[in-house]
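Student: please find the sequence and the predicted model below.
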Amino acid sequence: MEMNFFAASLEKLSAWAQKNAIAAMPLPLGCCLGESGAVQAGIPVCYNPRQADILVVAGAVSFKAAPVVRRVYDMMPAPKAVVSVGNCALNGGLFADSYAVVRLADIVPVDCFVKGCPPTAADFAAALADLKGKGR
Amino acid sequence: MTDIAETSFVNIAPEPATGMGICRLVAQLDGEKVVRLDSHIGFSHRGIEKMLESVNTAQALVWCDKLCRTVPFAGGHAFVLAAEKLAGVNVPKRAKQIRTLLSEIVRVSALLTMTGNLARDTGNAAAGAIAAQAAVRTTALCRAVTRYPFGTYFRVGGVAVDLADGFQDRVSEWMSEMPPVLDELKSLIDNGIFRSRTKGIGFIGADAALAAGLTGDNARASGLKRDVRADEPYDAYSDVEVTVPVANGGDCYARYEMRIDGIYNALKLIDQLLPQFAAGEINAFKRPETTTLTGLSTHFENVVKGLLLPEGDVYAAVETPFGETGVYLQGDGSPVPYRCHIRSAGFPAMQALAKIAVGADLLDIRPIVSSLGVLMTEVDR
């Protein structure tokens, strides 16, 4: 049967589109790689917060970087998600005692933590796929 | 100076060039020409030096290797050299050779990445992908021969574990793979478009480069014959012949040429080094063969407390792919350094950027930053 039309509610349609066209904005602050995992998970990388759906913060967040991370997050359109990559972004990791480092979760709401020092690209890709599956 | 009312400001952030990390550049523009460029650094500052002043030398290596992700040995290598110099440790020959070998292998990987990033920033994504693949293979080789996670392999007094059996064959096999990859890379990158985007762009002369404190490939591209490996040989570099190539262009293209030459030089050094490998210890601090209580307790104290650093101060530098990375250590008789300072190679390059970028087009900023080969985690420490 040939169908050259389909019916859907606008909300469901936009949700479907958003779920299947995700762009990730990497912020590689520390030594974990931000981009490779996103590429492996089939998510395109985008350096414009206005067009990004996922913020990927990799590595230790310094005091100087914290307002920047918040500002980038605020600039992103909803619905949006934050992925924290590496132990340093999670709880300071190796740099927990450092005077210069804050936890990412204190600055922006984090949806997904990827642990490891550094996490493997596979771990990261799995986390992103998981996030995608949630339809966030 | 152009009137400020006629100029406009443009922010270039978060990553002014591919793979360099977070940094903010503020360009003051007169039309499309940059009349002033301010770099705001420090977004990746994690306070590594102060962390090192609170732990002993054995623990410190974990932080040293986090200095830069692509060259984990860079910070660690300078740190172990400084600690050994201060404490007067006699490092076994094999350990020195292993460190030299790994430094060179990692240099190839880092220079490939830098070249690939420059290719990407001049609009050549295919060459970037090929360089990245070759760099990944090189990193895998490091893991295979050290049987250790990438990084955290160097120790004060030597290395952590011996190299895997048959490492020479593996390294030779990898070496035979490299020339075709390099030929392909050069044929893809070095074309008219690339030259038009790099030649004569981002010029810095020899005097200015010296005054700015540029080291490594950036200094050599401006005609300064500087290489720590040749000038003050450390580890096994005194046993091999280090050639120092020099270019006089001082522009982005000269820096690209120096990086490619650097890869060939590293391969030559590995070729010289492989047949020289000596048998023997891999660490100056081996487990005591005696099982007497005093012998074991001395070893236990050494391990738990760490190496005692006598009073005095030293500076030790290594030639990393970024340039001269050095560590200044001051000891006060305890195992914890009293003062530690890391001289990062990229920091002067970021400062020199203000001079280099003036007069360039806004579109040229990306290749210029990329050609300097800086990594913000290394700059900010």
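Tutor: Nice, thanks for sending it over. Residues are numbered from 1 along each chain as shown, chains lettered A, B, ... in the order given.

Student: distance from the longest helix seen in chain A to the middle of the chain?
Tutor: Identified as the longest helix of chain A according to DSSP state H is helix A:121-133. Distance of helix A:121-133 from its chain centroid, counting by CA atoms, centre = their mean, to the nearest Å, is 10 Å.

Student: doesn't B:Ile270 make contact with B:Met178?
Tutor: No: in this structure, B:Met178 is not within contact of B:Ile270 by CB atoms under 8 Å, at 9.7 Å. Where C-beta positions appear, they are placed from N, C-alpha and C, glycine not excepted.

Student: ok, residue 108 - how many residues close by?
Tutor: With no chain named, the answer covers chain A. The number of residues packed near A:Val108 is 20, by other CB atoms under 10 Å in any protein chain shown.

Student: you answered for a different chain; I wanted chain B.
Tutor: Look at B:Val108: counted by other CB under 10 Å, it has 25 neighbours.

Student: residues in contact with it?
Tutor: Shown in contact with B:Val108 (CB atoms under 8 Å, 6 or more residues apart in numbering or on different chains): B:138, B:178, B:263, B:266-267.

Student: nearest residue to A:Leu29 in space, ignoring adjacent ones along the chain?
Tutor: Leaving aside its chain neighbours, A:Leu29 sits nearest to A:Gly59 (4.4 Å; criterion: CB to CB, 6 or more residues apart in numbering or on different chains).

Student: follow-up on the earlier one: want to throw the contacts of B:Val108 into TSV with pLDDT?
Tutor: What follows is the contacts of B:Val108, written out as TSV (pLDDT from 0 to 100):
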residue	pLDDT
B:Thr138	85
B:Met178	88
B:Ile263	92
B:Ala266	91
B:Leu267	91
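
Student: of those, closest to chain A?
Tutor: Closest approach to chain A among these (CB to the nearest CB): B:Thr138, at 15.4 Å.

Student: so residue 90, which state does it fall into?
Tutor: If you meant another chain, say so; for now it's chain A. What DSSP: H, G, I helix; E, B strand; the rest coil gives for A:Leu90 is helix.

Student: not quite, go with chain B.
Tutor: Secondary structure, three-state DSSP: B:Asn90 is coil.

Student: how close does the residue lying closest to it once chain neighbours are set aside sit to B:Val156?
Tutor: Nearest residue to B:Asn90, sequence neighbours excluded (CB to CB, 6+ apart): B:Ala284, at 5.9 Å. B:Ala284 sits 8 Å away from B:Val156, going by CB to CB, to the nearest Å.

Student: so between B:Met178 and B:Ile270, which is more surrounded?
Tutor: Each of B:Met178 and B:Ile270 has its neighbours counted (other CB under 10 Å); B:Ile270 has more, 23 against 19.

Student: what residues of the strand or helix carrying the more buried one count as buried?
Tutor: In this assignment (DSSP states H and E), B:Ile270 forms part of helix B:252-273. Residues B:252-267, B:269-270, B:273 are the ones in helix B:252-273 that count as buried (16 or more other CB atoms under 10 Å in any protein chain shown).

Student: over to stretch A:45-64?
Tutor: So stretch A:45-64, judged by 16+ other CB under 10 Å, has buried residues A:46, A:49, A:52-62, A:64.

Student: ranking helices and strands of the chain by mean pLDDT, which lands last?
Tutor: You didn't pick a chain, so chain A it is. Using mean pLDDT, DSSP states H and E, the weakest-scoring helix or strand in chain A turns out to be helix A:35-40, at a mean of 57.

Student: um, chain B though
Tutor: In chain B, no helix or strand scores lower on mean pLDDT, DSSP H and E than helix B:293-305, which sits at a mean of 76.

Student: centre of the chain to it, how far?
Tutor: Offset of helix B:293-305 from its chain centre (CA atoms, centre = their mean): 35 Å.

Student: which element follows it toward the C-terminus?
Tutor: Per DSSP H and E, the first helix or strand lying C-terminal to helix B:293-305 is strand B:312-320.

Student: can you give me how far that following strand is from the chain middle?
Tutor: That offset, for strand B:312-320, works out to 14 Å (CA atoms, centre = their mean).

Student: stretch B:108-121 now?
Tutor: What separates the centre of stretch B:108-121 from the centre of its chain is 13 Å, taken as CA atoms, centre = their mean.

Student: where does the residue lying closest to B:Met258 once chain neighbours are set aside land in three-state SS?
Tutor: Excluding its sequence neighbours, the residue lying closest to B:Met258 (CB to CB, 6+ apart) is B:Asp217, at 4.0 Å. Here B:Asp217 is recorded as helix under three-state DSSP.

Student: which residues touch B:Asp217?
Tutor: Taking CB under 8 Å, 6+ apart, we find B:Asp217 in contact with B:255, B:258-259, B:262, B:321, B:323, B:373.

Student: thinking again about what came up before, now for the helix holding B:Ile270, which elements pack on it?
Tutor: In this structure, helix B:252-273 packs against helix B:93-121, helix B:167-189, helix B:192-198, helix B:216-221, helix B:365-372, with contacts taken as 3 or more CB pairs under 8 Å, 6 or more residues apart in numbering or on different chains; DSSP states H and E.
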